[in-house]
Structures are given as C-alpha cells and as structure tokens.
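In: would you be able to build a 3D model of this:
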Amino acid sequence: MTVHEEHQEQPELSKTKTQGDLCTSLTVWRKSLIISCNGFTVIGSDGSLVYRVDNYMGRPKELILMDGSGKSILTMHRKKNLRLVDTWLVYVGEVVDYCTSAKSSEKPIFYVKKCINILHGNPNVLAYVYRQSSDKRYAYMIEGSYSHRSCKVVDETKRVVAEIRRKDAGGISFSLEVFLLIVQTGFDPGFAMALVLLLDQMFS
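Out: The predicted structure is shown next:
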C-alpha cells in the first residue's frame, strides 16, 4: 500500500504516539540549514533533526516539507485564483508539474484557506483547513496570533490538536525566530509543521 493510498483509505491523520508520551514537542527555528536559503529547521526533544524546509524564493508558490534525511513528506501549492483568499493545497510526498496537476492522479489531502476577518465575525481565526475544496464545514481551524507565536489548531469539536508557543528556557525568552510546536497524540506532527509553514506565508 502506498502512502497516498493509505491517506485515501484513512482520512484522519496518522497517530504518532510513542509509549508513555502525551504529546510531541518540537523546537522550530525559522532558518534554513543552507546559507543561501530561507526556510525552517525543526529539532526534536532528543536533539535530532526532524524536519527541514529550504526555500530559494521569498514568496514561493510551492513549499516542500522534508524529513531530517531530506525525503519529501508534504508538498504545498498556492492555489491560483483571483480572489483575496490565500488558499494552499496540501499533497502527500513531492508533487511535480503542478501546472498539469488537473491531469495527475495526485489529489490534495487538505485545503488550507486564510481567513479574511472582514468576511468573518471572529477576528481571532487565522485559517480554516478543509478535506475537500467544496466542504462547507472545516476539519480544523487555526486561531490566535502567528506574529506573537501564539496559535492553536482545533478540530471540529474544538479540541486542541496542536499549538504554537513562545520558547522559554530558564526564564529566558527566545526571539520569534525560535518557537515551540506542541502536537497532541493522534495528530500528525508533519502536517502540524506544514500548517506552520502556511501561517508563515500568510502572516509574515
């Protein structure tokens, strides 16, 4: 069974619980390991490199989230439209030839849409995540303030599945370039990190 087939059969994101763990804590550094790139470096609680992103453009139309070894996990494409709403399509693995994706067998697993506050009553909402582009009901909602690194991802029952927090150590607060991503059991840390990348594109 391929990864893509697994996501099709089981739309809920995979569980990543290790025995005894209640959540996954990741340190996110808003800096690429490659000097000439913008991007992100994500470190696990054991000090290992978990994810990385290397961008060669300031405002790219495509983002690729890689694991520590450089293998592509998720690809995000900015949807072309004439509306004000910033929308991104999330694919499993690395999806190429986006311009001909209509003919491709690869289908997005999620759609992430920036919330325009003038169109919605709740100014605290940053973005909505949908499983299908035609869905009226969101699968996840992101609320808070990305500029202050204080965000929550909640599901349709309002249960918090992931959080972005300022990083503190020994009473010392880190800059906004270094922060925490806390992921609850049952939610995919890779997809949580993909949401961080999209928030950064939408609100930075």
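
In: how many other residues sit next to Asp188?
Out: By other C-beta atoms under 10 Å, 19 other residues sit near Asp188. (Each C-beta comes from the backbone N, C-alpha and C, glycine too.)

In: same thing with Asp46?
Out: Per other C-beta under 10 Å, the neighbour tally for Asp46 reads 6.

In: ditto for the one 3 residues further on
Out: Counted with other C-beta under 10 Å, residues neighbouring Leu49 total 15.

In: neighbours of the nearest residue to Arg52 once chain neighbours are set aside, how many?
Out: Distances taken as C-beta to C-beta, 6 or more residues apart in numbering put Met66 closest to Arg52, at 5.2 Å, once the chain neighbours are dropped. Here the count is done by other C-beta under 10 Å, and Met66 has 19 residues near it.

In: what does Lys158 give?
Out: So Lys158, with other C-beta under 10 Å, has 8 neighbours.

In: thinking again about what came up before, paired strands for the helix or strand harbouring the residue nearest to Arg52, with orientation please.
Out: Using DSSP states H and E, Met66 falls within strand 62-67. Applying DSSP bridges, strand 62-67 is found paired with strand 49-55 (antiparallel), strand 72-78 (antiparallel).

In: return the set of buried residues in it.
Out: Leu63, Ile64, Leu65, Met66 (16 or more other C-beta atoms under 10 Å).

In: swap in stretch 33-45?
Out: Buried-residue list, stretch 33-45, by 16+ other C-beta under 10 Å: Asn38, Gly39, Phe40, Thr41, Val42, Ile43.

In: what's around Arg137, how many residues?
Out: Residues near Arg137, counting by other C-beta under 10 Å, number 8.

In: so where does the residue lying closest to Asp135 once chain neighbours are set aside fall, helix or strand?
Out: Nearest non-adjacent residue to Asp135, counting by C-beta to C-beta, 6+ apart: Tyr111, 8.0 Å away. Using DSSP H and E, Tyr111 sits within strand 110-114.

In: what do you get for Ile35?
Out: Secondary structure from DSSP H and E places Ile35 outside every helix and strand.

In: start at 862, not 1
Out: Done: numbering now begins at 862, and the last item shifts to Ile896.

In: hang on, the earlier thing: what's in contact with the strand holding Met927?
Out: 911-916, 933-939, 955, 959, 1051, 1054-1055, 1058-1059, 1062 (C-beta atoms under 8 Å, 6 or more residues apart in numbering).

In: ChimeraX command for the buried members of those?
Out: What follows is the ChimeraX syntax for the buried subset of the contacts of strand 923-928, where burial is set by 16+ other C-beta under 10 Å:
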select :911,912,913,914,915,916,934,935,936,937,938,939,959,1051,1054,1055,1058,1059,1062
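
In: any idea how far stretch 987-996 is from the chain center?
Out: Distance of stretch 987-996 from the chain centroid (C-alpha atoms, centre = their mean, to the nearest Å) equals 13 Å.
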